[in-house]
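# Sequence first, predicted model second:
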Number of protein chains: 2
Amino acid sequence: MRKGKISPAVIRRLPRYYRHLDDLFKAGVVRISSSALAGNMGLTASQIRQDLSCFGGFGQQGYGYNVERLRGEIAEILGMDRDHTVVVLGVGNLGRALLENFPFTRYGFRLEAAFEVDQTLVGSKLGGVQIYHYDEMERFLRTSPADVGVLTVPGSAAARTAKRLAACGVRGIWNFTNVELPESELPGVQVENIHFADSLLTLSYFISEEQP
Amino acid sequence: MRKGKISPAVIRRLPRYYRHLDDLFKAGVVRISSSALAGNMGLTASQIRQDLSCFGGFGQQGYGYNVERLRGEIAEILGMDRDHTVVVLGVGNLGRALLENFPFTRYGFRLEAAFEVDQTLVGSKLGGVQIYHYDEMERFLRTSPADVGVLTVPGSAAARTAKRLAACGVRGIWNFTNVELPESELPGVQVENIHFADSLLTLSYFISEEQP
């Protein structure tokens, strides 16, 4: 059942389901109806039932969802049990924010190393993670392959760093550089972008629309 | 013509159009066909024609789009000419990254101030922006209203900071806290979220799917 032909829109909602179910679980909720979960998430009950039916349907009519079980199933679907390894490329302000503050382990990722050109940072640790020189990337990844590379280098270095990561066998790139990566030159690599500018411009649209 | 009933999906693609057209303009391209723009962006020509027709249609059959004019029209639709003012709440690693590295002015936003509880930062400047104490927010915004508040406080402070911003008349919140804000308690405020965790979990899904 499960995977295969799930629409991208549903996939993009799954992490939100996970977060809400995790909050409910931590609040001690054992069972929740689709309408209560919907109210919680700003969706309709029928959308929730439809989304979750893609995965075989965990609910029973009139009985609701078992919060812990559904949370666990979604975590598994999202691959949170795979112990993915991750390296960070670029330890500027943003790389530092991720190393020091982002809870990679909570989402099933293990931070292995960071790489940076600034010699004053090379050899030190941030958030418990060793910082190597940028050019040690290939040597490091040959002996310790990583599943994901986090791209927090300057935009001008984005494409060539992505290609080097791809050549090292990385299967996913989490791209914060605001540059569109040349995906045709990154065979077998999934790229997930966080485009700050696109998000801010979307907000700009909505606040401008209100005041003509 | 223009605004009004544009679908959210189209709105979310507009910033990408803007970025691509801006790159083309800077590269000296005067005119581009919908098929060339589509190839550039990984979309189909018919999708592009359909998207841009929402705004009255800038292209002529067989003649393509005037890059500079289309870029300008999209910038205007996005509100990039409104000179929006913005304040940053929370100067941790992420707030610092935005203050020092994010080109707000390029997207029509003017950074006015930052607010932080850490007394060692209060009174200093980052990226040319003055840092005030967090509790000076109300006084500052009374005399210098801001359109947008950037939320880079810890998650535990997210909801109450958002409510204070709303009470100060902010019309948009750019939320980096990974916390869902209580939008029903933020009347008249547009919330735009950057959920790092959702993005990473989406990537997790796609790289897990490949390797069963």
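Great, that's in hand.

# out of everything not next to it in sequence, what's closest to A:R96?
B:N93 (5.1 Å; C-beta to C-beta, 6 or more residues apart in numbering or on different chains). (Glycine included, C-beta is placed from N, CA and C.)

# Residues contacting the helix or strand containing A:L203, please?
In this structure, A:L203 sits in helix A:196-210 according to DSSP states H and E. For helix A:196-210, contacts defined as C-beta atoms under 8 Å, 6 or more residues apart in numbering or on different chains pick out A:176, A:178, B:3, B:11-12, B:14-16, B:18-19, B:77-80, B:82, B:84, B:98, B:102, B:104, B:106-109, B:147-148, B:171-172, B:174, B:190, B:192-194.

# One more pass at 7 Å, please.
Counting by C-beta atoms under 7 Å, 6 or more residues apart in numbering or on different chains, helix A:196-210 makes contact with A:178, B:3, B:11-12, B:14-16, B:18-19, B:77-80, B:82, B:84, B:102, B:107-109, B:147-148, B:171-172, B:174, B:190, B:192, B:194, all of which sit outside it.

# list the buried ones in that helix?
A:196-209 (16 or more other C-beta atoms under 10 Å in any protein chain shown).

# quick revisit: tell me how many other residues crowd the residue nearest to A:R96.
21 (other C-beta atoms under 10 Å in any protein chain shown).

# Return the residues in contact with it.
Counted by C-beta under 7 Å, 6+ apart, B:N93 has contacts A:93, A:96-97, A:100-101.

# So what's the residue count around the residue nearest to A:G42 when sequence neighbours are not counted?
The shortest distance from A:G42 to any non-neighbouring residue, by C-beta to C-beta, 6+ apart, is to B:E183 (7.6 Å). Residues lying near B:E183 (other C-beta under 10 Å) number 14.

# So, low pLDDT: which residues of chain A?
Within chain A, the stretches with pLDDT under 70 are A:1-5, A:54-62, A:210-212.

# which stretches of it form helices?
With DSSP state H as the criterion, chain A has helices at A:8-26, A:34-41, A:45-53, A:67-77, A:93-101, A:137-143, A:158-167, A:196-210.

# ok, is stretch A:22-31 in contact with chain B or not?
No. With C-beta under 7 Å from any C-beta of the partner chain as the measure, stretch A:22-31 is seen stopping short of chain B, the closest distance being 8.8 Å.

# now the end-to-end length of that stretch.
End-to-end distance for stretch A:22-31, by C-alpha to C-alpha, to the nearest Å: 12 Å.

# list the helices and strands the longest strand anywhere in chain A packs on?
Longest among the strand segments of chain A by residue count, using DSSP state E, is strand A:109-116. Under the contact criterion of 3 or more C-beta pairs under 7 Å, 6 or more residues apart in numbering or on different chains; DSSP states H and E, strand A:109-116 touches strand A:84-89, strand A:129-133.

# ok, back up a step: of the contacts of helix A:196-210, buried ones?
Buried among these (16+ other C-beta under 10 Å): A:178, B:11, B:14-16, B:18-19, B:77-80, B:84, B:102, B:107-109, B:147-148, B:171-172, B:174, B:190, B:192, B:194.

# the domain parsing of chain A - what is it?
Following automatic domain parsing, one finds the domains of chain A at A:8-77, A:84-198.

# on that earlier part again, now distance to B:N66 too, for the helices and strands packed on strand A:109-116, in JSON lines please.
As requested, the helices and strands packed on strand A:109-116 are exported to JSON lines (distance: least, C-beta to C-beta, whole Å):
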{"stretch": "strand A:84-89", "distance to B:N66": "38"}
{"stretch": "strand A:129-133", "distance to B:N66": "47"}
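
# Most tightly packed of the ones you listed?
strand A:84-89 (a mean of 24; mean count of other C-beta atoms under 10 Å in any protein chain shown).

# Identify all contacting residues around it.
A:95, A:98-99, A:104, A:108-115, A:146-153, A:161, B:204, B:207.

# shouldn't the residue nearest to A:G42 be in contact with B:V191?
Yes. Taking contacts as C-beta atoms under 7 Å, B:E183 lies within contact range of B:V191: 5.7 Å.

# how many neighbours does A:N66 have?
For A:N66, the neighbour count with other C-beta under 10 Å is 17.

# Kindly apply the preceding question to A:L121 instead.
Counted with other C-beta under 10 Å, A:L121 comes out at 19.

# and it, what is it in contact with?
A:91, A:131.

# Would you mind measuring from it to A:H133?
9 Å (C-beta to C-beta, to the nearest Å).

# Then A:R16?
A:R16 sits 38 Å away from A:H133, going by C-beta to C-beta.

# From the buried residues of helix A:196-210, pick the one nearest B:G39.
Closest to B:G39 out of those is A:D198 (20.0 Å), distances taken as C-beta to C-beta.

# contacting residues around A:S33?
A:G64.

# And it, how far from A:G39?
Distance from A:S33 to A:G39, by C-beta to C-beta: 9 Å.

# Same check on A:F25?
Applying C-beta to C-beta, the value for A:F25 to A:G39 is 17 Å.

# the more surrounded of those two?
A:F25 (16 against 13).

# That one and A:G72 touch, don't they?
No. Counting by C-beta under 7 Å, A:F25 sits too far from A:G72 to count as a contact (9.3 Å).
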